[in-house]
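Visitor: Below are the sequence and a predicted model; questions follow.
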Amino acid sequence: MSKVIIVGAGPAGITAAIYLKRGGIEPILIEKMMPGGKVSLTHKIDNYPGFTSIGGSDLANQMMNQLMENNIDVVYDEVVDISKKEGSFLVKTSYGEYESDAVIIATGTLEKKLGIPGEKEFFAKGVSTCAVCDGGFFKGQPMAIIGGGNSALEEALYLSSITEKVYIVHRRNQFRADQILVDKIKVDSHIEILTPYIPLEVKGDNMVSSIILKNVETNEIKEVEIKAMFAYIGADANTSFISNKEVLDERGYIKVNSEMETSIPGLFACGDCIAKNLRQVITACGDGAVAAMSAVHYLNK
Ligand code: NAP
């Protein structure tokens, strides 16, 4: 039987696995962390059809249940290299090697860091990249979200449900996030919007106690007392393990055509790691379905 390896078990990889299995192909789904990807770390998802509003971890659980219903196992390992030799692929992981007839890469993105003093030192001591995971430790205390995109505003709204003081620190006066989220944060009495500010430093003793901010228009510097800081300033493609750089664009995203094919026959990619404009759960699932069916056609040729 033909074998297809899927790298990454977020919405794109999970969808690809389900479609392959239904197409009569046994997928090997390799995931280094936990299935569900970024969805499982998201407070709420309000734009996935079929669910007016659903918790991110609930949606991720539903996806995992669907994997189990389809008898698809997840291999917990990290892919470190993919190479192709005489029509088949060799996928190296931290703990072993796998051979396959085709590979689908669905590794998503990795959160960017601010790179300011204190960010590293206070990581897990008030600095975190996941408000849903760690916000609860600072319930009732002042917290800051950095960024003006959908992730920043959504997670600020989550924090506002567990504390009465949430600062949104954004470097511009306009937000990049969807208007519906901008409208919500503007009327939320627990949220204070600080624009146009950039963070210069995270301060504290054992734990975070404040951040130093700079107004980029007036150069005013101020210190704001907080107990936790979450930066949502975008992400980079999680593709550094790909040694054949010809499949990547200049920003590291994987170049694919509308069928999710890369320039290497048998190598497909889908979800947030591909070069595209709209990164959503729904588009990741759509990409995953297309990649799986393209792999089926490739193997049937
Ligand atoms: P994003 O849309 O790229 O937004 C990043 C934000 O961080 C921007 O406001 C940016 O400011 C700011 N920023 C970037 N670098 C910075 C720095 N060094 N210092 C301070 N601020 C900085 O990232 P995201 O919110 O993580 O979203 C990623 C993708 O997922 C997007 O396509 C987004 O639409 C999608 N997403 C969708 C949903 C949803 O539909 N509900 C939810 C979450 C994510 P500027 O605006 O000035 O560039």
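Guide: Thanks, I have it.
Visitor: Could you pull out the buried residues of the strand or helix carrying Ala60?
Guide: Assigned by DSSP states H and E, Ala60 belongs to helix 56-69. By 16 or more other Cβ atoms under 10 Å, the buried positions in helix 56-69 come out as Gly56, Ser57, Leu59, Ala60, Met63, Met64, Leu67. C-betas here are computed from N, CA, C, even on glycine.
Visitor: Please list the residues outside that helix that contact it.
Guide: Here helix 56-69 makes contact (Cβ atoms under 8 Å, 6 or more residues apart in numbering) with 9, 11, 14, 17-18, 29, 35-45, 48, 51, 74, 132, 281.
Visitor: Mind putting the buried residues of helix 56-69 into TSV with pLDDT?
Guide: Shown next, in TSV, are the buried residues of helix 56-69 (pLDDT from 0 to 100):
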residue	pLDDT
Gly56	93
Ser57	94
Leu59	96
Ala60	96
Met63	97
Met64	96
Leu67	96
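Visitor: and Asn215, bridged to which residues?
Guide: Tyr197 (DSSP bridges).
Visitor: So His42 versus Asn65, what's the distance?
Guide: That one is not His; residue 42 is Thr. Remark: distance between Thr42 and Asn65 (Cβ to Cβ, to the nearest Å) = 18 Å.
Visitor: for Gly147, what are its contacts?
Guide: Contacts for Gly147 (Cβ under 8 Å, 6+ apart) come out as Ile168, Val169, His170, Ala231, Tyr232, Ile233, Gly234.
Visitor: Could you do Gly140 as well?
Guide: Listed by Cβ under 8 Å, 6+ apart, the contact set of Gly140 reads Ile162, Thr163, Glu164.
Visitor: Which strands or helices does whichever helix or strand Gly288 is part of pack on?
Guide: According to DSSP H and E, Gly288 maps onto helix 281-300. Applying 3 or more Cβ pairs under 8 Å, 6 or more residues apart in numbering; DSSP states H and E, one finds that helix 281-300 contacts strand 3-7, helix 11-22, strand 102-105, strand 267-269.
Visitor: I'd like the ones you listed as CSV, with mean pLDDT appended.
Guide: Below are the helices and strands packed on helix 281-300 laid out as CSV (pLDDT from 0 to 100):
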stretch, mean pLDDT
strand 3-7, 96
helix 11-22, 97
strand 102-105, 98
strand 267-269, 98
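Visitor: center of this structure - which residue?
Guide: With distances taken as Cα atoms, centre = their mean, Lys38 lies nearest the centre of the chain, 4.0 Å away.
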